[in-house]
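Participant: Next comes the sequence, and after it the predicted model I'd like to discuss.
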Amino acid sequence: MAIKENYRIPVSLGESPLDVEIAITGKSGVGPRPIPLGFLLVWMASALGLMWAVTGTFIAAGPLWLRGCFSLVWLLATWLLLRRDRLGQQMWVYVVPAIEYLRSRSRSLPTRRTEPARPFRAMVGIASVEDGGRSDGRLGFTDGSCGYIYEVVGNGSRLLFEEDRARIVSRYDSFFRKLDVACQYILVSTKAPMRVDSQCGAMVRRCHGCTDDALRSLINAKYKVLKGYVGDEFRSTHQYLLVRAENPESLRRCCSHVQGEAENSSLVFKRVERLGAREAEAVVKSIFTC
């Protein structure tokens, strides 16, 4: 499989038929920049609405200057609502959030222990984390969906040979083609302290089996450095895969797909580990804690 230097999508997957651009040109082939079809339709509907408001409502009985001011305000409001921000969103989508923001209750979020946790849960979207049993670590969301968090380790590196890059890209392509469209796969990268639990556990077991006081003091000193310094000061990148589905049956199929990919090949995932309730809560805490 040949590797391209640049990848691009010619047409955005989020475009609708109203986003089709129409080029208005003269005989010379020169004209203004293409205009989306929805933009033209909204301007035509606004013009018809303005004509009806000026001629068929109580504004028609007003003086000429009043009708002129009303028309200017109408056209200005239409232009403002059809403007696009830097992300390409039209400004009319912010009308309802702006109205909601006027309420003082919408501009603050209580986080005290005595306050109910429902507003914060609604913002985060996580309602519960199951503890124990076969569903240990399963997240329950406020919309009724459920999911698991996997800690994943990949093979991405700048030192790969061209043949290895081609194999990894080809395997990724086949992996994403087999994904269930009823599920969501969200990759999360965080900066968190290095995990030293296994090393600390090994030192504790070594200390329990040691009878020499000098060696015990040396092990205790190493334990304090490992737990208090390395585990707090040194930070590393951790990557997680959140698998989310509408019901437990779809979630089971998605988890089987991820586990099967990790067992059959190490090109996509070098290591995949499903987190339990304690580890999942720690990940959520590290994401939503400043």
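Facilitator: Cool, the structure landed.

Participant: Can you list the residue ranges for helices in the stretch 151-290 of the chain?
Facilitator: Assigned by DSSP state H, counting those that start in this stretch, the stretch 151-290 of the chain shows helices spanning 162-177, 197-208, 213-225, 231-233, 248-264, 277-288.

Participant: how about the ones you listed, which one is nearest residue 42?
Facilitator: helix 162-177 (36.2 Å; C-beta to C-beta). C-betas here are computed from N, CA, C, even on glycine.

Participant: Give the buried residues for that closest one.
Facilitator: For helix 162-177, the buried set under the neighbour-count rule, 16 or more other C-beta atoms under 10 Å, comprises 167-168, 171, 175.

Participant: could I get that helix in CSV with only the CA atoms?
Facilitator: Output in CSV follows, covering the C-alpha atoms of helix 162-177 (Å, rounded to 0.1, in the frame of the first residue of the first chain):
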residue,chain,number,x,y,z
GLU,A,162,8.4,3.1,5.5
GLU,A,163,7.2,-0.5,5.3
ASP,A,164,6.1,-0.5,8.9
ARG,A,165,4.2,2.7,8.4
ALA,A,166,2.4,1.2,5.4
ARG,A,167,1.4,-1.9,7.4
ILE,A,168,0.2,0.2,10.4
VAL,A,169,-1.9,2.5,8.1
SER,A,170,-3.4,-0.5,6.3
ARG,A,171,-4.3,-2.2,9.5
TYR,A,172,-5.8,1.0,10.9
ASP,A,173,-7.9,1.3,7.7
SER,A,174,-9.3,-2.2,8.0
PHE,A,175,-9.9,-1.7,11.7
PHE,A,176,-12.0,1.4,11.3
ARG,A,177,-13.9,-0.1,8.4
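
Participant: could you give the angle of that helix to helix 248-264?
Facilitator: 160 degrees (axes from the mean of the first three to the mean of the last three C-alpha atoms, to 10 degrees).

Participant: Verify the stated contact: residue 271 with residue 262.
Facilitator: Yes. Using C-beta atoms under 8 Å, residue 271 is in contact with residue 262, at 7.4 Å.

Participant: Could you check which of the two is surrounded by more residues?
Facilitator: Each of residue 271 and residue 262 has its neighbours counted (other C-beta atoms under 10 Å); residue 262 has more, 18 against 11.

Participant: From residue 272, how far out is the more buried one?
Facilitator: 4 Å (C-beta to C-beta, to the nearest Å).

Participant: what do you get for residue 201?
Facilitator: Distance, residue 201 to residue 272, by C-beta to C-beta: 22 Å.

Participant: Counting neighbours, go ahead and name the busier of the two.
Facilitator: residue 272 (17 against 10).

Participant: which ones are touching that one?
Facilitator: By C-beta atoms under 8 Å, 6 or more residues apart in numbering, the residues touching residue 272 are 150-153, 241, 258-259, 262.

Participant: Out of the residues you listed, flag the one nearest to residue 59.
Facilitator: residue 241 (58.4 Å).

Participant: Enumerate the beta-bridge partners assigned to that closest one.
Facilitator: On the basis of DSSP bridges, residue 241 is bridged to residue 150, residue 187.

Participant: My read is that it contacts residue 154, right?
Facilitator: No. Between residue 241 and residue 154 there is no contact under C-beta under 8 Å: 10.0 Å.

Participant: Same drill for those two, tell me which one is more crowded.
Facilitator: residue 241 (18 against 15).

Participant: What pLDDT does the model give that one?
Facilitator: We have a pLDDT of 88 for residue 241.

Participant: for residue 107, same thing?
Facilitator: Residue 107 is assigned 75 on the pLDDT scale.

Participant: How much space separates it from residue 96?
Facilitator: Residue 107 is 15 Å from residue 96, where distance means C-beta to C-beta.

Participant: hang on, the earlier thing: indicate which one of the helices of the stretch 151-290 of the chain is closest to residue 62.
Facilitator: If you check each of those against residue 62 by C-beta to C-beta, helix 277-288 wins as the nearest, at 55.0 Å.

Participant: Report all helices and strands that the closest one contacts.
Facilitator: If you count contacts as 3 or more C-beta pairs under 8 Å, 6 or more residues apart in numbering; DSSP states H and E, helix 277-288 packs onto strand 126-129, strand 146-153, strand 183-193.
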